[in-house]
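Q: missing the sequence, but the structure's below:
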DNA sequence: TTTATGCTGTGAAAATAATCACAATGTGAA
DNA sequence: TTCACATTGTGATTATTTTCACAGCATAAA
């Protein structure tokens, strides 16, 4: 079974769309309909769903509720998992607001900053700590995933502590490439690179 | 010449690293060194640089300054280009702060929101307008790239206006798939999907 | 000079990802 | 029942991306 990044990301997207359909009361959906909503080909949808081991019927397509369940079995962790977020600037606050409450099994549960004015507070139901307590708290809470939303000058140092505390996955918004062991999964989401890329294609696609 | 998204993104990343090296006074770099810093293979670096038409020397590798210039010729627009940002919540402010001043040819120059308290202000040197003026202003300023950082309920409507105003590239942070013409380049950067993916690989890579 | 060294540039091969295309299926109309 | 139809599941194919591997080259040391 193939679990490439790109496929996993598509499957997660299918679920988001399916949850919306489910809330709208949709019971069934065909591959080409889901494909349209996700902007991929219908063959791609069928192939991806085949890979997660879910089967539809030629007459009725896929059952929305069952499919959501199959995707959850394929993607979700067994238990609820806490996520740590480091850096309580505008970006950090935005991420908490966007994310919490949106995922069934995942929740940002611990916040960190180095600014004394930002610690020992509760933001969107989450407690904030000084970054010196990072290692202790992520170990105590068995946190395996973290978000870095600190300035790039501090990002490597934060990553080092996260790795030391046993983190296995990092979502990095700082515009640097983190130096971490190969066993750690890092997703970079540097806004500068992204916006330069969008601008490039905005221009290039029109010669 | 191949201009796939993934290659363009790598090339933009090379430049970021090279600019840092240049500021540190580095004159030359070998493919394997740049590869290390970007976490790709050295063959990949050589192939990418071949594709943009830059040549190094076997003895001295690549000249940092020249390479930066070659990448700029390959990637950058001829003239400076303004970018519009729609949605002045925490995320929008974070993007302005992260981005402006970091790119030579690109700058966020116009901000939009629907909240009257947020319009007619200057944030990090940028003026903010009511979203009703969006079309007029992006046409007047020949803006081709936009960032959507509004709640998902408003995102499609914003996209429609952007498209109507002649935008060619959209960086979308709202967790929905925008419905826009094929000719518009859209980059989705939904934080929910991203964090679910990071969590998945954090767990999966460790069985 | 000559030689040894360690790169680059790149054709060829391998690996990965997406699409094609169609047999099999199940439904509803006749 | 039977038939026409639209869709699934998937082997085969095609396209794309990455890596391999090495000839050719520039330099420095002998």
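A: All right, it came through fine. None of the values given here were measured: they were computed from a predicted structure.

Q: How about the residues of chain A by DNA strand C?
A: Counting by C-beta under 7 Å from any atom of the strand, the positions of chain A adjacent to DNA strand C are A:2, A:4-7, A:40-41, A:43-44, A:46-47, A:57-60. C-beta: built from backbone N, CA, C; applies to glycine.

Q: out of those, which are buried?
A: If you count burial by 16 or more other C-beta atoms under 10 Å in any protein chain shown, the buried members of the residues of chain A next to DNA strand C come out as A:7, A:40, A:46.

Q: Identify the residue nearest the last one in space, chain neighbours excluded?
A: Meaning residue A:46. Distance criterion C-beta to C-beta, 6 or more residues apart in numbering or on different chains; nearest residue to residue A:46, sequence neighbours excluded, is residue A:31 at 4.8 Å.

Q: OK, contacts around that neighbour?
A: A:42-43, A:45-46, A:49, A:56, A:61-62 (C-beta atoms under 8 Å, 6 or more residues apart in numbering or on different chains).

Q: where do the strands sit along chain A?
A: Using DSSP state E, the strands found in chain A span residues A:28-29, A:62-63, A:81-86, A:106-113, A:122-123, A:126-130, A:145-148, A:169-172, A:185-188.

Q: nearest to DNA strand D, of the ones you listed?
A: Taking C-beta to the nearest atom of the strand, strand A:62-63 is the member of the strands of chain A nearest to DNA strand D, at 6.1 Å.

Q: partners of the closest one, with directions?
A: With DSSP bridges as the test, strand A:62-63 is paired with strand A:28-29 (antiparallel).

Q: Averaged pLDDT, the partner strand. What do you get?
A: With pLDDT averaged residue by residue, strand A:28-29 scores 97.

Q: Check stretch A:87-95 too.
A: Here the average pLDDT along stretch A:87-95 is 98.

Q: which residues touch it?
A: For stretch A:87-95, contacts defined as C-beta under 8 Å, 6+ apart pick out A:85-86, A:108, A:111-113, A:115, A:118, A:123, A:128, A:147-151, A:154, A:158, A:173, B:89-91, B:93-94, B:97-98, B:149, B:191, B:195.

Q: wait, isn't residue A:12 in contact with residue A:74?
A: No. Taking contacts as C-beta atoms under 8 Å, residue A:12 lies outside contact range of residue A:74: 10.0 Å.

Q: Look at those two and report which has more neighbours.
A: Using other C-beta atoms under 10 Å in any protein chain shown, the more surrounded residue of residue A:12 and residue A:74 is residue A:12, with 22 against 19.

Q: now that one: how far from residue A:52?
A: 11 Å (C-beta to C-beta, to the nearest Å).

Q: Next, show the common contact partners of these two.
A: Between them, residue A:12 and residue A:52 share these contacting residues under C-beta under 8 Å, 6+ apart: residue A:71.

Q: Can you tell me which residue sits nearest the middle of chain A?
A: Nearest to the mean C-alpha position of chain A, by C-alpha atoms, centre = their mean, lies residue A:171 at 7.8 Å.

Q: residues touching that residue, list them.
A: Residue A:171 makes contact with A:145-148, A:187, A:189, B:194-195, B:198 under the criterion C-beta under 8 Å, 6+ apart.

Q: 10 Å instead, please
A: Shown in contact with residue A:171 (C-beta atoms under 10 Å, 6 or more residues apart in numbering or on different chains): A:83, A:85, A:95, A:145-149, A:185-189, B:191, B:194-195, B:197-199, B:202.

Q: Give the bridge partners for it, please.
A: If you apply DSSP bridges, the partners that residue A:171 bridges to are residue A:147, residue A:187.

Q: What's the separation between it and residue A:32?
A: 32 Å.

Q: Also residue A:176?
A: Distance from residue A:176 to residue A:32, counting by C-beta to C-beta: 42 Å.

Q: higher neighbour count, those two?
A: For residue A:176 and residue A:32, the more surrounded residue by other C-beta under 10 Å is residue A:176, and the numbers stand at 19 against 14.

Q: quick one: contacts for the more buried one?
A: Counting by C-beta under 10 Å, 6+ apart, residue A:176 has contacts A:148, A:151-153, A:155-156, A:159, A:188, A:190, B:16-17, B:20, B:37.

Q: among these, which are within reach of DNA strand D?
A: Filtering those for neighbours of DNA strand D using C-beta under 7 Å from any atom of the strand leaves an empty set.

Q: So which of these is the closest to residue B:180?
A: Distance to residue B:180 across the contacts of residue A:176 (C-beta to C-beta) is lowest for residue A:190, with 24.0 Å.

Q: correct me, but that closest one touches residue B:13?
A: Yes. Using C-beta atoms under 10 Å, residue A:190 is in contact with residue B:13, at 8.2 Å.
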